[in-house]
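Q: here is my input, please return the structure:
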Amino acid sequence: MKKVVFTLSAISAAILVWSFANAAGDSKAEITAIEHKIIAATSADELMPLYDEKEVVLYDYIAPLQYTGATAVRANFDKAFSNAKNLKGKFLELKVVADEKMGVAHSLQHFTWTDKDGKPGEGTFRVTDCFHKVNGQWKVFHTHISFPIDPATGKAEMNLKK
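A: Predicted structure coming up:
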């Protein structure tokens with residue numbers, strides 16, 4: 001009888017571990033897919049459904065200190081897309097950590113674009129997105145975008161390589 005109870009306990013534990021690992025794996029895959037939608041977006045209309053419109057804060061590399069709420073975040077995205085044409089991004093590195101309730105994606109992203117005057121631009125950004133579930137769907141509730149700063153000049157280093 002003890003053997004049977006032990007065997008059933010071991011099987012139950014294995015099933016729990018397996019189901020948790022699969023849930024975390026599914027979460028990582030879902031968040032990774034969202035990150036690819038974010039980097040490929042060409043408008044605020046494409047981005048905003050991926051964000052938690054009731055609870056979102058964006059730390060961008062440009063002022064102000066933070067954009068709080070969906071209206072402010074959307075306005076920032078609209079401004080960015082209106083100032084950059086032919087925007088193309090790619091991941092240099094993307095890491096996702098997640099369980100079934102929360103996830104974090106951190107990445108190095110390289111973008112190229114053309115500004116309003118037709119001048120080409122490029123930059124390599126550090127981006128961290130924090131996710132939680134809203135009605136069963138992963139949504140970004142916090143994004144942090146930055147560049148390293150050269151302390152000698154106080155200027156952003158926009159195209160560092162690892």
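Q: what's opposite the residue most central in space within the chain in the beta bridge?
A: In the chain, the residue lying closest to the centroid (CA atoms, centre = their mean) is Asp129, at 3.2 Å. Listed by DSSP bridges, the beta-bridge partners for Asp129 are Ala105, Thr143.
Q: residues in contact with the closest residue in space to Asp60 that isn't next to it in sequence?
A: Excluding its sequence neighbours, the residue lying closest to Asp60 (CB to CB, 6 or more residues apart in numbering) is Ile145, at 5.2 Å. The way it works is simple: take the backbone N, C-alpha and C, and place the C-beta from them, glycine included. The contact partners of Ile145, taken as CB atoms under 8 Å, 6 or more residues apart in numbering, are 58-61, 125-127.
Q: which residue ranges of the protein form helices?
A: Ranges of helices within the chain are 2-40, 44-47, 70-83, based on DSSP state H.
Q: lowest mean pLDDT across the ones you listed, which one is that?
A: When the helices of the chain are compared on mean pLDDT, helix 2-40 scores lowest, with a mean of 66.
Q: on that earlier part again, the residue nearest to Asp60 and Ala29: what is the separation?
A: 24 Å (CB to CB, to the nearest Å).
Q: equivalent analysis for Phe125, please.
A: Phe125 is 23 Å from Ala29, by CB to CB.
Q: equivalent analysis for Ala152, please.
A: 42 Å.
Q: okay, these two: which has more neighbours?
A: Ala29 (12 against 6; other CB atoms under 10 Å).
Q: now that one: how far from Gly103?
A: 11 Å.
Q: how about Gly121?
A: Separation of Gly121 from Gly103 (CB to CB): 31 Å.
Q: now neighbour count and distance to Ala40 too, for the contacts of Ile145, in JSON lines please.
A: Shown next, in JSON lines, are the contacts of Ile145 (neighbours: other CB atoms under 10 Å; distance: CB to CB, whole Å):
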{"residue": "Leu58", "neighbour count": "20", "distance to Ala40": "18"}
{"residue": "Tyr59", "neighbour count": "14", "distance to Ala40": "22"}
{"residue": "Asp60", "neighbour count": "19", "distance to Ala40": "19"}
{"residue": "Tyr61", "neighbour count": "15", "distance to Ala40": "20"}
{"residue": "Phe125", "neighbour count": "18", "distance to Ala40": "15"}
{"residue": "Arg126", "neighbour count": "16", "distance to Ala40": "19"}
{"residue": "Val127", "neighbour count": "20", "distance to Ala40": "14"}
